[in-house]
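J.: Have a look at this prediction, sequence included:
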Amino acid sequence: MTVNPYQPIDGEIVDIIDESPTIKSFVIVPEEQFSFKTGQFVELTLPGEGEAPFTPSSSPSVTEKMEITIMKAGHVTGLLHEAGKGQKVGIRGPYGNGYPVDDFVGKELYIVGGGVGLAPIRSLFLTLVDRIKDFKAVICRFGAKTPEDFIYKKTLFGPWQNIKGVDMELTVDEADGQWKGNVGVVTTICKKGDVNVKNAVAIICGPPIMMKFATMKVIDFGFRPQDIYLSMEKNMSCGIGKCGHCMLGKYYVCKDGPVFTYEQIKDYPNIWD
Amino acid sequence: MEAVFISELKPFLDAVAQQMQLYVPKKSGENYICTRYDPANETPVEFNNIRTCTTIKEFLFPVCELASVYPEPVEPEDIKPFAVFGLKDCDLRSMKVLDKVFLEEDFEDLLYVRRREKMFIISTDCFDPAENCFCSLLDGSPFAQSGFDLNVSKTKGGFIIEAGSQKGRDFIEKNTDLFTDVPQTALNERDQNRADAQKRLEQNNSEYRFDAPIKEIVEKCRESEAFDVEAESCVECQACTRICPTCHCFYLYDTKQQDYFSKMKMWDSCMRMAYAAVAGGANPRKILGDRIKHRLLHKFVYFSDRYGIDMCVGCGRCMDTCIGGTNTRDLLKKLNEEFKSNKKSKVTK
């Protein structure tokens, strides 16, 4: 018997981490066996209130729980931000195609992330770090509005920077007194000399405007459209390529994405909106 | 093909209704709608000479239905066998579109599957195509060629009933007492009726000729201003998407009951402003013209890229229902003219 694709499994929020004034991470324990590939997303239900798509930010190698980092933006996310430990949730998925990590072996990875876009990137980053020797280099260029707006501060400002094989630079749009790093949008820390584009892929995730300019920037570096991986944010509702909300040209972002190469989608209208 | 004859509809419909719920056309104003058949009703069922307003999707994918109950799943209610009488070729072809989406192997939609399996399809010949019917431009015809269990053709002396599936053959066999052999004159008349209807369709659409496959025209004209011009006469009522037999957008919403929660699956419309908006505020189709364009691209380009068939059957219901002034067929014609002149200007260059 086929399963009902609209049936969520139960889960419980066991911990909540404040990441920034508008972003929290929720540690969720699914009550049934649940696994995902990095870059795939889940539909998270707040019982009786609604459902929204999120890409887990934890490593897929951790299977007994998963972390989802959520920015307060709408109805469901607003209520989730008010929820406490013990809150029951529903989970459908995982859906879509994640990052084809095996295809990245032997290459330099040029990862550009901004704002809450670091959530899917964190999952990818942890996956890469688990097998860091498989990659030529992991180059990260991350940005946030202000230092306070950076998520994963504890690891980002410390341990992650010291991992061998990782080259990380951070920037903020507006500095505060403590900030000693770069000030400017994320593309200001992306330099052509950072990466050997002949043997590299670019991975971009962030707000639409940032993704647009970062994509243009790495194209300037000489990245081919098929080597640029974009994690697209669309209104995924059913998650299974039927309801139509997330259509991007002929693709259903939920089923054919959310990770696309720029080559796949570049000719469709309004991809950045 | 197996065919039998019956002089009156009633005994045939009664026999169907004995086995399952039956829906039949009923005149409502100038149109037909589907209603539940009542054998006790004295008024005879009218043979609909054109498609009903009710689309096949309403039987397979209702406006609103229960998608799931949680946290404790509940076995869905049994769907009882049901039959629909009076479906046309455009309806059957629209079902093929819905099948592609909801019966897709990797994610079958159980809600659809359950209804689809229980549906007994009785199509009828369409011998009075309307002004707005343009199935002939999209490989359709005024009579069904496949996809039915039984097909009924009206002639002066009675009705030819033809089986198109095992279910249909079983029905004829079981009710063999009702039927007689088909007179040759009836067959001749049916063929004549079909040819006449086909001719009328072609006449109605004689001014719509395309210089390339519609898919190519729409794809090449995606930058056309015609979509924004079309938007000027659209009142955003979304009726076109509701009445369209192939449109299948829906959204899921959650409800709170006393003892459980549920997800409901409800029709949605890509013509709605916030349809594709995300919580963060981005919206790829804020502009109405972009939504009209997306709908047309979906119907003639994206769907066919994905599934190999058009997502429009040319039933013309969208034009019948539009209270603004939009017109799918005219829009295609406009795009064709642009396509032609673009091509010419390229050649001249």
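T.: Yep, it's here.

J.: ranges for the helices of the stretch 1-150 of chain A?
T.: A:75-82, A:118-130 (DSSP state H, counting those that start in this stretch).

J.: any chance of those helices in JSON lines, with mean neighbour count and mean pLDDT too?
T.: All C-beta spots, glycine's among them, are computed from the backbone N, C-alpha and C. Shown next, in JSON lines, are these (neighbours: other Cβ atoms under 10 Å in any protein chain shown; pLDDT from 0 to 100):
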{"stretch": "helix A:75-82", "mean neighbour count": "16", "mean pLDDT": "96"}
{"stretch": "helix A:118-130", "mean neighbour count": "24", "mean pLDDT": "96"}
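
J.: which stretch among those comes nearest chain B?
T.: Shortest separation from chain B across these is recorded for helix A:75-82, at 6.1 Å, computed as Cβ to the nearest Cβ.

J.: Tell me what A:Glu51 is bridged to.
T.: Taking DSSP bridges as the rule, A:Glu51 bridges to A:Thr45.

J.: got TSV for the helices of the stretch 1-150 of chain A, with distance to B:Thr326 too?
T.: Below are the helices of the stretch 1-150 of chain A laid out as TSV (distance: least, Cβ to Cβ, whole Å):
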stretch	distance to B:Thr326
helix A:75-82	32
helix A:118-130	40
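
J.: any chance of these in a markdown table, with distance to chain B too?
T.: Shown next, in a markdown table, are these (distance: least, Cβ to the nearest Cβ, whole Å):
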| stretch | distance to chain B |
| --- | --- |
| helix A:75-82 | 6 |
| helix A:118-130 | 13 |
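
J.: Among the ones you listed, single out whichever gets nearest to B:Asp290.
T.: Closest to B:Asp290 of the helices of the stretch 1-150 of chain A, according to Cβ to Cβ: helix A:75-82, at 24.9 Å.

J.: What is that closest one packed up against?
T.: strand A:23-30, strand A:41-46, strand A:50-54, strand A:66-71 (3 or more Cβ pairs under 8 Å, 6 or more residues apart in numbering or on different chains; DSSP states H and E).

J.: Switch those over to JSON lines; also include mean pLDDT and mean neighbour count.
T.: Shown next, in JSON lines, are these (pLDDT from 0 to 100; neighbours: other Cβ atoms under 10 Å in any protein chain shown):
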{"stretch": "strand A:23-30", "mean pLDDT": "97", "mean neighbour count": "20"}
{"stretch": "strand A:41-46", "mean pLDDT": "97", "mean neighbour count": "26"}
{"stretch": "strand A:50-54", "mean pLDDT": "96", "mean neighbour count": "23"}
{"stretch": "strand A:66-71", "mean pLDDT": "96", "mean neighbour count": "23"}
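
J.: domain parsing for chain B?
T.: Domain ranges of chain B: B:3-204, B:214-348, per automatic domain parsing.

J.: Any idea which of these gets closest to A:Glu169?
T.: domain B:214-348 (25.2 Å).

J.: Would you tell me which strand is longest in chain A?
T.: strand A:9-20 (DSSP state E).

J.: Point me to the residue of the stretch 51-200 of chain A nearest chain B.
T.: A:Gly74 (3.1 Å).

J.: just to revisit the earlier point, can I get the helices and strands packed on helix A:75-82 in TSV including distance to A:Asp220?
T.: Below are the helices and strands packed on helix A:75-82 laid out as TSV (distance: least, Cβ to Cβ, whole Å):
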stretch	distance to A:Asp220
strand A:23-30	30
strand A:41-46	30
strand A:50-54	31
strand A:66-71	29
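
J.: Point out where chain B drops to low pLDDT.
T.: Within chain B, the segments meeting pLDDT under 70 span B:1, B:346-349.

J.: Show me what stretch A:160-167 is in contact with.
T.: Stretch A:160-167 has contacts (Cβ atoms under 8 Å, 6 or more residues apart in numbering or on different chains) with A:Phe125, A:Val129, A:Ile132, A:Lys133, A:Phe135, A:Ala137, A:Val138, A:Ile139, A:Cys140, A:Tyr152, A:Met168, A:Asp194.
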